[in-house]
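Visitor: What shape does this take:
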Amino acid sequence: MDIIETILKDKEHYYALAHSHYNASDKSDFIITPSLAKNKSISLLLDHEFIFTPAIQIQLNLFIENGLLSIGTYTLYTDQSEENIIDEFLVIV
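Guide: A predicted model of the protein is given here:
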């Protein structure tokens, strides 16, 4: 099965993977801690300067005030085998 078919077939698995890593991440340096993370998108990253490729890019929107105000995104990059994982926060306050 190619990577696109895998993503389409298992998209809920990839969102769950991102939520799991997000929930386990250290947010102690945040000035404002998000109260909610919602599924945003799953993409296939083909070329990048510092991320291994091809990579599956899973994004979650981050919110405060019970989902009323978006403050940024959480992005998780993984390969198809899920052996390599990189994540990043982009919080706009």
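Visitor: where do the helices sit along the protein?
Guide: Ranges of helices within the chain are 3-9, 11-24, based on DSSP state H.
Visitor: between those, which one is nearest to residue 80?
Guide: Checking the helices of the chain against residue 80 by Cβ to Cβ gives helix 3-9 as the closest, at 5.4 Å. Bear in mind the C-beta positions are built from the backbone N, C-alpha and C, glycine included.
Visitor: quick one: the closest one to chain centroid distance?
Guide: Remark: helix 3-9 is offset 17 Å from the chain centroid, using Cα atoms, centre = their mean, to the nearest Å.
Visitor: Need the residues that contact that helix.
Guide: Helix 3-9 has contacts (Cβ atoms under 8 Å, 6 or more residues apart in numbering) with 1, 14, 42, 44, 54, 56, 80.
Visitor: which parts of it are buried?
Guide: For helix 3-9, the buried set under the neighbour-count rule, 16 or more other Cβ atoms under 10 Å, comprises residue 7.
Visitor: do stretch 61-69 as well
Guide: So, applying 16+ other Cβ under 10 Å, buried residues of stretch 61-69: 61, 62, 63, 64.
Visitor: how about CSV for those, with distance to residue 90 added?
Guide: Below are the buried residues of stretch 61-69 laid out as CSV (distance: Cβ to Cβ, whole Å):
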residue, distance to residue 90
61, 11
62, 9
63, 14
64, 15
